[in-house]
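> build me a model:
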Amino acid sequence: MASDAQTLTGKLLVAMPGMGDPRFDRSVIFMCSHGEDGALGLIVNKPTPSLSFAGLLQQLDIAGGTTERDIRVHFGGPVENGRGFVLHSAEYGANRSTLRVGEAFGMTATLDILEDIAHGGGPEDAILTLGYSGWGPGQLEDEILANGWLTCDASRQIVFETEDDAKWSAALGSIGVDPLTLSSTAGRA
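Predicted structure coming up:
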């Protein structure tokens, strides 16, 4: 179980080679919450090739304003993949339903953030995900012990500024790990 000192909230999970679940192969997951009741994260490096932000707005019948901007739409995980979550920079918080995640990030799962973005407002940085990655109590800790994940600090640069196909290597590099040196088997010293 995660104590306050061991929480992964606001961190990145980085999938190890040999994960076993192709949905998480080379995934980088931003952890929105982690505690004794389980964990919730959003995959930030797997864009959805078939859905654009403008297309999603059209499906939701949200009219874009004259300053409409495009944000990336990602596969956030296999749980509730019809539901949208916006991971964003912390300056946006016009809404009581925004979950603050540390000093630099927030997560909002209500339509008003999409309306704000469509009309030129909203957060400075944002990634929209469809679905989320979830774990029951103790499940994530077991996966980490089984060599499924590495963890590192989340940075605005990795989450919002790095190209999706480079985020996995960038996250590993932030903790001094060369992806070529990783093994899919765990060992004990």
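
> which stretches of the protein form helices?
Secondary structure of the chain (DSSP state H): helices at 53-59, 111-118, 139-145, 156, 167-173.

> ok, which of those helices comes nearest residue 9?
Residue 9 lies closest, by Cβ to Cβ, to one member of the helices of the chain: helix 139-145, at 11.5 Å. C-beta: built from backbone N, CA, C; applies to glycine.

> who's in contact with the closest one?
1, 2, 8, 13, 34, 38, 39, 135, 149, 151 (Cβ atoms under 8 Å, 6 or more residues apart in numbering).

> so what's the backbone phi/psi at the third one?
Read it as residue 8. Dihedral pair for residue 8: phi -100, psi 10, per degrees, to the nearest 10.

> helices and strands of this protein: which one has the lowest mean pLDDT?
helix 53-59 (a mean of 83; mean pLDDT, DSSP states H and E).

> now it: buried residues?
Applying a neighbour-count criterion of 16 or more other Cβ atoms under 10 Å, the buried positions in helix 53-59 are 53, 54, 56, 57.

> closest to residue 118 among the residues you listed?
The closest of the buried residues of helix 53-59, once distances to residue 118 are taken by Cβ to Cβ, is residue 57, at 5.5 Å.

> go ahead and confirm the closest one touches residue 118.
Yes. Counting by Cβ atoms under 8 Å, residue 57 sits close enough to residue 118 to count as a contact (5.5 Å).

> circling back to that earlier point, same for the least confident helix or strand of the chain, what does it pack against?
strand 72-75, helix 111-118 (3 or more Cβ pairs under 8 Å, 6 or more residues apart in numbering; DSSP states H and E).

> out of those, nearest to residue 166?
Closest among the helices and strands packed on helix 53-59, using Cβ to Cβ: strand 72-75, at 13.6 Å.
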